[in-house]
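Trainee: Pasting a predicted model and its sequence here:
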Amino acid sequence: MALCSSIQLRISPDRIHYLKFILEGYDGLAILSTLNARQGIVEVRYPPEAEKDLAVLLTEINAEIIK
């Protein structure tokens, strides 16, 4: 059984849905959970082997989710 890694992020509350749909488009890359919608705090869970790909994706869309 593989363990998941996770990271908590603070993003613009109105961009939570955007990040969720982006991650869903990359089947199996990561799962997004909203911890506090009002403050824009989310948790991204991902398999350890996807860490590099996730980091690249988050870096590329950073300006779109932090406004």
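Mentor: Nice, I can see it.
Trainee: correct me, but Tyr18 touches Glu64?
Mentor: Yes: if you go by CB atoms under 8 Å, Tyr18 and Glu64 touch, sitting 6.9 Å apart. To be clear about C-beta, it is placed using only N, CA and C from the backbone, and glycine gets the same treatment.
Trainee: tell me the SS of Asp27?
Mentor: Look at Asp27: counting by DSSP: H, G, I helix; E, B strand; the rest coil, its state is coil.
Trainee: how close does it sit to Arg10?
Mentor: From Asp27 over to Arg10 the distance is 26 Å, taken as CB to CB, to the nearest Å.
Trainee: now for whichever strand or helix holds Leu58, which elements pack on it?
Mentor: Take DSSP states H and E as the rule and Leu58 turns out to sit in helix 51-65. Judged by 3 or more CB pairs under 8 Å, 6 or more residues apart in numbering; DSSP states H and E, helix 51-65 is in contact with helix 16-25.
Trainee: If you compare the directions of the helix it packs on and helix 51-65, what angle comes out?
Mentor: Taking axes from the mean of the first three to the mean of the last three CA atoms, to 10 degrees, one finds helix 16-25 and helix 51-65 inclined to each other by 150 degrees.
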